[in-house]
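A.B. asks: quick one: sequence plus predicted model below, questions after.
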Amino acid sequence: MLRWFKSNHQALTAIGAMVVGLAALYVAWDQARVMRAQQHGAVVPALQVDAFTRTVEDQLTLGLRVANNGVGPAFIRNVTPLQDGEPVDRIDGMFSAMPAGQVDRSWVTLTGRVIAPGELVTPISAAWPADEVDADHISALFAEWERWDVEICYCSVFDRCWIATVQVPDRQSVATCPDPGIDVFERYGSEAFIPPTPLEDDTQETAGAEQ
């Protein structure tokens with residue numbers, strides 16, 4: 001056996017070099033993996049979505065706010081409201097329990113937005129005179145809100161994506177986000193500024209009377 005080792009020392013040297021090379025390759029791969037994990041961890045966004053009510057002076061304000069409590073920017077890819085667990089393309093029903101005299105409606109576009117770390121965004125809010133909202137309205141509102149949720153799909157700068165919701169505080173990791181679709185907050189907010197369409201029947205009756 002000793003004679004074999006003496007006569008094949010070159011082969012042993014080659015085998016040793018190969019083992020050392022494989023070990024070095026593994027160490028390099030492991031270090032790269034750790035560095036990638038550190039890079040991803042250094043820019044991970046974490047969105048928190050909350051519904052809120054606020055009374056200031058003579059107004060009661062309701063709405064939704066989104067905060068990035070992570071350490072990296074959050075790229076908003078898709079926003080999907082859910083009613084009874086089913087996707088819908090309107091959020092009017094969220095405020096259906098409130099009286100008719102809405103005095104303010106504000107919104108910002110959320111789809112396609114980049115939310116920086118520590119930033120707080122209010123995609124939709126609506127206000128009513130506080131003296132017109134009684135306990136029955138509030139009770140009905142909270143009962144209605146139990147039926148609603150909002151899913152926000154967002155990604156990091158490395159295209160790692162998650163879904164945040166109002167009802168479930170823990171985010172869910174997903175491979176990709178759906179197509180953007182309609183920004184429901186912009187739709188609801190902008191409709192407050194669309195003038196009512198004149199009634200054609202009234203116009204025709206007036207014209208007929210003049211003849």
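C.D. replies: Arrived safely. Residues are numbered from 1 along each chain as shown.
A.B. asks: any figure for the gap between the residue most central in space within the chain and R54?
C.D. replies: The C-alpha lying nearest the average C-alpha coordinate of the chain belongs to I152 (C-alpha atoms, centre = their mean; 2.4 Å). Going from I152 to R54 by C-beta to C-beta, to the nearest Å gives 21 Å. All C-beta atoms are positioned from the backbone trio N, CA, C, and that covers glycine.
A.B. asks: got the CA positions of the host helix or strand of T53 in CSV?
C.D. replies: Counting by DSSP states H and E, the element that carries T53 is strand 47-56. Taking Å, rounded to 0.1, in the frame of the first residue of the first chain, the C-alpha atoms of strand 47-56 are listed here in CSV:
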residue,chain,number,x,y,z
LEU,A,47,-46.7,47.3,4.5
GLN,A,48,-49.3,47.6,7.2
VAL,A,49,-52.9,48.3,6.1
ASP,A,50,-55.5,49.7,8.6
ALA,A,51,-59.0,51.1,8.5
PHE,A,52,-59.5,54.2,10.7
THR,A,53,-62.1,56.5,12.1
ARG,A,54,-61.2,60.0,13.4
THR,A,55,-63.3,62.8,14.8
VAL,A,56,-61.8,66.3,14.5
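A.B. asks: low-confidence regions, the chain specifically.
C.D. replies: For the chain, the stretches with pLDDT under 70 are 1-17, 19-42, 192-211.
A.B. asks: okay, helices next: where are they in it?
C.D. replies: With DSSP state H as the criterion, the chain has helices at 2-7, 9-42, 135-145, 184-190, 200-210.
A.B. asks: show me what counts as buried in the strand holding T53.
C.D. replies: L47, V49, A51 (16 or more other C-beta atoms under 10 Å).
A.B. asks: ditto for stretch 125-144
C.D. replies: The neighbour-count check on stretch 125-144 (16+ other C-beta under 10 Å) flags S125, A126, A127, W128, V133, L141, E144 as buried.
A.B. asks: now swap in stretch 111-125 and tell me
C.D. replies: Within stretch 111-125, the residues that qualify as buried by neighbour count (16+ other C-beta under 10 Å) are T111, R113, I115, P117, V121, T122, P123, I124, S125.
A.B. asks: isn't D50 right next to L64, touching?
C.D. replies: Yes - with contacts counted by C-beta atoms under 8 Å, D50 reaches L64, the gap being 7.3 Å.
A.B. asks: shared neighbours of the two, anything?
C.D. replies: Residues touching both D50 and L64 by C-beta atoms under 8 Å, 6 or more residues apart in numbering: V166.
A.B. asks: tell me how this structure divides into domains.
C.D. replies: Structural domains assigned to the chain are 2-42, 47-193, following automatic domain parsing.
A.B. asks: if you compare those domains, which one is most tucked away?
C.D. replies: Mean neighbour count (mean count of other C-beta atoms under 10 Å) peaks for domain 47-193 among the domains of the chain, with a mean of 16.
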